[in-house]
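Participant: Pasting the sequence and the predicted model now:
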Amino acid sequence: MPWTLYRHILKDLVKLLTMSVLVLVIVIAVAVAIRPLTKGQLGALTLIKFIGLSAPTILDIALPFASAFASTLVFHRMISDNEIIACRASGMSFRMIFAPVAFLGLLLTVLMFLLSSWVIPEFSRLAAKTIQTDAIRVVISELQENHVFRQGDNVIYADKVQEIQLKPGDMGTENQDIEQLRLVMLQGVAFGQLDDTGRLRRDSTTQQADLVIYQKDDQSWVTLRLHNASIYSGNPNEPWGTTGEAEYTVPIPNPFRNRLRFLSAADLRRIETFPETFKDLKSLKIALCAHMAERIIFDQILEKYTPAQTGNDATALGQSGTFTLMGMTDAYQYVIHAAGAQQVNERNIKLLGTAKQPIMIDYYRSGKPSTRTVTDSALLILDFDEDLLNMELQLGKSEVTDLSKPEGFVTQHAKLPPIKALRWPQTAQGSIMQVLMSRSVFELEDVVAQRYSQDRVVVESAHKMHTALTDMGWDIMALRHQRAASSMGCFLILLLGAMMTCYMQGRTPLVVYFWSFALAAVAVIITRSSENMIKGQEMNMFFSALLIWSGNLLILCLMLFLGSKISKPR
């Protein structure tokens with residue numbers, strides 16, 4: 001074996017490959033940094049760090065083109081120096097001449113697969129975290145220097161800005177997964193929300209506000225808390241100049257968040273086993289569990305009453321039914337008595353009462369009676385979030401008795417404010433929502449099919465989750481094939497450059513590299529864009545994988561053609 005020749009070829013290939021990869025990576029990394037830089041998400045110093053972290057993530061794009069460039073130049077020099085002719089004259093076949101190229105190509109394939117499956121996703125997360133961390137600094141800097149911060153359709157203005165230094169655990173965050181917590185005190189504050197045409201559709205003003213900026217789940221958030229705010233809205237159903245507390249939360253965009261391509265191979269396996277750990281699926285699971293919890297509580301409330309008691313004729317109602325709701329804490333209890341209950345729609349229950357059996361709400365604080373409210377109408381609204389804190393009880397004309405005093409002071413009210421933030425009592429296993437969330441998405445699908453197949457809202461929510469679960473499975477499959485095809489592309493394109501140069505000997509290196517570059521570009525584009533091409537298409541897994549690998553198959557067919565041509569004597 002001509003080991004001296006092989007070392008010579010490998011040395012030149014590695015040298016040119018390294019230089020071309022460095023140049024391409026730096027150029028592309030700077031281009032990638034331009035967008036977050038122009039959007040104010042990167043500062044001057046953080047820009048260098050971001051470019052350094054982004055560089056490894058660009059290797060899977062730069063390596064194929066650098067491979068074509070290196071093999072083209074090396075073999076063009078060998079042809080110019082008549083080294084290929086000398087090798088052929090000594091009895092070496094092109095298969096033997098291309099052996100070191102194939103060896104290096106296989107090494108690049110293995111290296112590229114390891115990088116794309118484990119290293120590149122980690123660097124992508126670090127680059128995203130750099131953007132998010134620096135974006136928090138940029139928000140504060142913009143408010144301090146320009147007094148204005150705009151994100152999407154939301155605009156914040158402040159006359160005076162002062163950041164408050166916080167310690168770990170401040171603001172009750174010691175048990176929460178919150179990073180980069182910053183608190184900014186604002187004075188002379190205006191908050192505006194713009195419509196699609198850029199015109200102001202809602203604004204709030206106040207003398208004092210708090211701006212809380214934090215990072216959670218790889219996403220940065222800006223929460224503005226207005227105190228004694230005056231709120232104006234163009235909606236005729238909302239009053240002008242409403243005064244009160246207001247809170248607005250605005251996300252800072254993260255281009256790397258919730259993308260499967262930025263997950264490692266181990267993360268993909270974990271998501272396949274536990275799909276709800278992926279943020280998109282988790283939000284859909286929460287929505288499904290919330291709808292199921294609504295239905296469970298609906299059924300439990302309506303079961304308190306006989307069929308006759310849930311009819312439209314209130315005079316036919318029998319014995320009163322009773323159920324209990326909890327307040328923000330277990331110290332607050334609302335024991336609700338009603339002669340009947342009637343479902344209004346998927347989320348509302350109307351409580352019914354008669355002259356003999358009126359609607360009564362007994363309020364207990366720390367186990368002691370506090371008030372008793374007798375009302376002529378009550379509407380229970382169920383609109384849950386993850387913590388089941390969005391139940392609301394709307395009351396009509398009411399009589400409230402203060403039970404905490406011996407004389408039982410009574411007051412009359414034309415209409416009481418709604419009782420908000422109500423919860424259904426927990427069991428030994430936890431709240432209904434906690435019990436449902438503890439089940440896997442596959443178990444929830446079985447429960448929906450068995451018990452809630454006739455419930456439109458629950459079925460629609462389950463269908464959305466099932467569709468997202470199916471799409472995610474296809475995306476993971478496509479991503480794995482894409483990573484494997486991109487890695488194999490390095491091997492094929494490196495060999496293609498060498499074979500193309502031998503076939504087009506006599507042409508300038510620029511012409512040869514143009515065709516190598518064009519073919520490499522076609523292969524890379526097909527491989528990387530095929531993931532989007534198969535989305536929404538009714539293709540089985542075989543044809544979807546074939547589409548992803550079609551770029552490499554094209555290169556392989558061309559290599560077979562070139563191999564048959566250059567092996568013939570000229």
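Facilitator: That came in fine, so what should we check first? Numbers count the residues shown, from 1 in each chain.
Participant: Is residue 335 bridged to anything, and to what?
Facilitator: Beta-bridge pairing for residue 335 (DSSP bridges): residue 324, residue 362.
Participant: Distance of it relative to residue 360?
Facilitator: For residue 335, the distance to residue 360 equals 8 Å [CB to CB, to the nearest Å]. For the C-beta atoms, the positions are set from N, CA and C on the backbone; glycine is no exception.
Participant: the more surrounded of the two?
Facilitator: More crowded of residue 335 and residue 360, by other CB atoms under 10 Å: residue 360, with 19 against 15.
Participant: Quick check: the more buried one touching residue 337?
Facilitator: Yes: counting by CB atoms under 8 Å, residue 337 is a contact partner of residue 360 at 4.3 Å.
Participant: and for those two, which residues touch both?
Facilitator: Common contact partners of residue 360 and residue 337 (CB atoms under 8 Å, 6 or more residues apart in numbering): none.
Participant: so what are the domain limits for this protein?
Facilitator: 3-129+479-566, 147-252, 296-426 (automatic domain parsing).
Participant: winner for burial among those domains?
Facilitator: domain 3-129+479-566 (a mean of 18; mean count of other CB atoms under 10 Å).
Participant: What is the end-to-end distance of that one?
Facilitator: End-to-end distance for domain 3-129+479-566: 23 Å, by CA to CA, to the nearest Å.
Participant: just stretch 144-156 next, same as before
Facilitator: Termini of stretch 144-156 sit 12 Å apart (CA to CA).
Participant: can you give me the strands in the stretch 251-400 of the chain?
Facilitator: In the stretch 251-400 of the chain, the segments counted as strands under DSSP state E, counting those that start in this stretch are 321-326, 332-338, 340-343, 348-352, 359-365, 368-375, 378-381, 391-395, 398-402.
Participant: Taking strand 368-375 as reference, get the angle to the last one.
Facilitator: This points to strand 398-402. 160 degrees (axes from the mean of the first three to the mean of the last three CA atoms, to 10 degrees).
Participant: now the angle from strand 398-402 to strand 359-365?
Facilitator: 30 degrees.
Participant: List the neighbouring strands of strand 398-402 plus their orientation.
Facilitator: Strand 398-402 is paired, per DSSP bridges, with strand 368-375 (antiparallel), strand 410-413 (antiparallel).
Participant: Save those strands as JSON lines, and put in distance to residue 20 and mean pLDDT too.
Facilitator: Formatted as JSON lines, those follow (distance: least, CB to CB, whole Å; pLDDT from 0 to 100):
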{"stretch": "strand 368-375", "distance to residue 20": "77", "mean pLDDT": "89"}
{"stretch": "strand 410-413", "distance to residue 20": "79", "mean pLDDT": "80"}
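Participant: Now tabulate the ones you listed in a markdown table and tack on distance to residue 65.
Facilitator: Below are the strands paired with strand 398-402 laid out as a markdown table (distance: least, CB to CB, whole Å):
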| stretch | distance to residue 65 |
| --- | --- |
| strand 368-375 | 74 |
| strand 410-413 | 75 |
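Participant: Of all the ones you listed, which one comes closest to residue 286?
Facilitator: strand 368-375 (32.6 Å; CB to CB).
Participant: residues making contact with that closest one?
Facilitator: Against strand 368-375 from outside (CB under 8 Å, 6+ apart): 353, 358-364, 395-404, 416.
Participant: how about 7 Å then?
Facilitator: Identification of contacts with strand 368-375 by CB atoms under 7 Å, 6 or more residues apart in numbering yields 358-364, 395-404.
Participant: Stretch 195-214: how far from the chain's middle?
Facilitator: Put simply, stretch 195-214 sits 25 Å off its chain's centre (CA atoms, centre = their mean, to the nearest Å).
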